[in-house]
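> 3D, please:
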Amino acid sequence: MARTAHPTENRRPGAVGRRSLLLGTAALGATGALAAAGCARVPSGDALARLRSQGTVRLGIAGEVPYGYVDENGAFTGEAPELARAVFKRLGVDRVQPVATDFGSLIPGLNSQQFDVVSAGMYITPERCRQVLFSDPEYQMLDSFIVRRGNPLGLRSYADVVRKGARLATGTGYAQAGHAVAAGYPEKRLVILQDQVAGLNAVESGRVDAFAGTALTARQVARGSSRAESVPPFAMVVDGEKQIDGGGFAFRLTDRTLRDAFNDEIHRMKKSGELFRILRRFGFTRSEMTTLTAEELCR
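Okay, the predicted model is just below:
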């Protein structure tokens, strides 16, 4: 999601956006009204103690497959909500309540108390680290393109897209907008679409030559298409160095104790293999597991 930033943000902008299909749209609309309700005063005190007392934690998700979404049965699922369920149960909070909103409203919604934690596989970026506290990432991710089957233009990197003058699209708020612009793609030529499904349709119809997303986004959405495919994952290159993004949970700046307790459990689950067992169900591979830290990605 997953998934973000405007192209003018720092080099690690945002998280992947993958919106669920019809059921997710309804949930997003319901939460949009919440976002417009305005800011509330953030409660003081120990957030973890408060959540234990309530017995419920509210999760901000963005209707993004496979990060957090509404499935065909109307249930909230995804790697981040399922991971949150496991972690918060260990922390003594037995119930999670997903709250769906659009991706751009996640951090404002967190800081205005609409939910307690962002559980959306959000990329950890320097700009975001000035607004929220991040857990250490549960995954790392490379980019990929959705292209016409056979990849007729041979697009395997942003440099290829720039060199060949290809028509490139990405999703609203996707980190890949910043990645493309950083590689020299003209921002005014970049086509911004609602989500990965719109991206697949645009590629299949020939409206664009490629749609940029995370490797996981691209391979999952192209899997069922007879007219499109995903290209092998590739890293964005900045100043000659390959960059890898990582996604984690976001907490309010005042909730450091909660974030630290969450981190402790994430590290235990990484060590035991439980984290990968949860993420594997949603298409993640071992190569997307990570030892990166939030501190590294916030620099």
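> what's the burial count for residue 92?
Residues lying near residue 92 (other Cβ atoms under 10 Å) number 13. C-beta: built from backbone N, CA, C; applies to glycine.
> which pLDDT value belongs to it?
Here, the pLDDT recorded for residue 92 equals 98.
> residues touching it, list them.
Counting by Cβ atoms under 8 Å, 6 or more residues apart in numbering, residue 92 touches residue 52.
> now do the SS call for it.
Secondary structure for residue 92, judged by DSSP: H, G, I helix; E, B strand; the rest coil, is coil.
> what mean pLDDT would you report for the longest helix seen in the chain?
Determined from DSSP state H, the single longest helix within the chain is helix 256-272. Mean pLDDT, computed over helix 256-272, is 98.
> and it, what other elements does it pack with?
Packing partners of helix 256-272 (3 or more Cβ pairs under 8 Å, 6 or more residues apart in numbering; DSSP states H and E): helix 47-54, helix 79-90, strand 133-134, strand 245-251, helix 274-280.
> please identify the buried residues of stretch 209-223?
209-222 (16 or more other Cβ atoms under 10 Å).
> how about the strands in the stretch 101-250 of the chain?
Under the criterion DSSP state E, counting those that start in this stretch, the stretch 101-250 of the chain carries strands at the ranges 117-123, 133-134, 139-141, 143-148, 168-171, 191-193, 210-214, 228-230, 236-238, 241-243, 245-251.
> partner strands of the third one, with direction?
The reference is to strand 139-141. strand 245-251 (antiparallel) (DSSP bridges).
> just name the most buried of the helices and strands packed on helix 256-272.
Most buried of the helices and strands packed on helix 256-272 by mean neighbour count (mean count of other Cβ atoms under 10 Å) is strand 245-251; its value is a mean of 28.
> please export the C-alpha coordinates of it as CSV.
Only the C-alpha atoms of strand 245-251 are listed here, as CSV (Å, rounded to 0.1, in the frame of the first residue of the first chain):
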residue,chain,number,x,y,z
ASP,A,245,11.5,1.0,0.6
GLY,A,246,9.9,-0.5,3.6
GLY,A,247,6.4,-0.3,5.0
GLY,A,248,5.3,-0.2,8.7
PHE,A,249,2.6,0.9,11.2
ALA,A,250,2.3,4.6,12.1
PHE,A,251,1.5,6.0,15.6
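> quick one: residues contacting residue 262.
Counting by Cβ under 8 Å, 6+ apart, residue 262 touches 87, 91, 117, 135, 249, 251.
> that one and residue 268: what is the separation?
When distance is defined by Cβ to Cβ, to the nearest Å, residue 262 is 11 Å away from residue 268.
> in CSV: the buried residues of stretch 209-223, plus pLDDT and distance to residue 143.
As requested, the buried residues of stretch 209-223 are exported to CSV (pLDDT from 0 to 100; distance: Cβ to Cβ, whole Å):
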residue, pLDDT, distance to residue 143
209, 98, 15
210, 98, 11
211, 98, 11
212, 97, 6
213, 92, 7
214, 90, 6
215, 93, 6
216, 92, 10
217, 87, 9
218, 93, 8
219, 92, 12
220, 90, 14
221, 92, 14
222, 96, 14
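> appreciated, that's everything.
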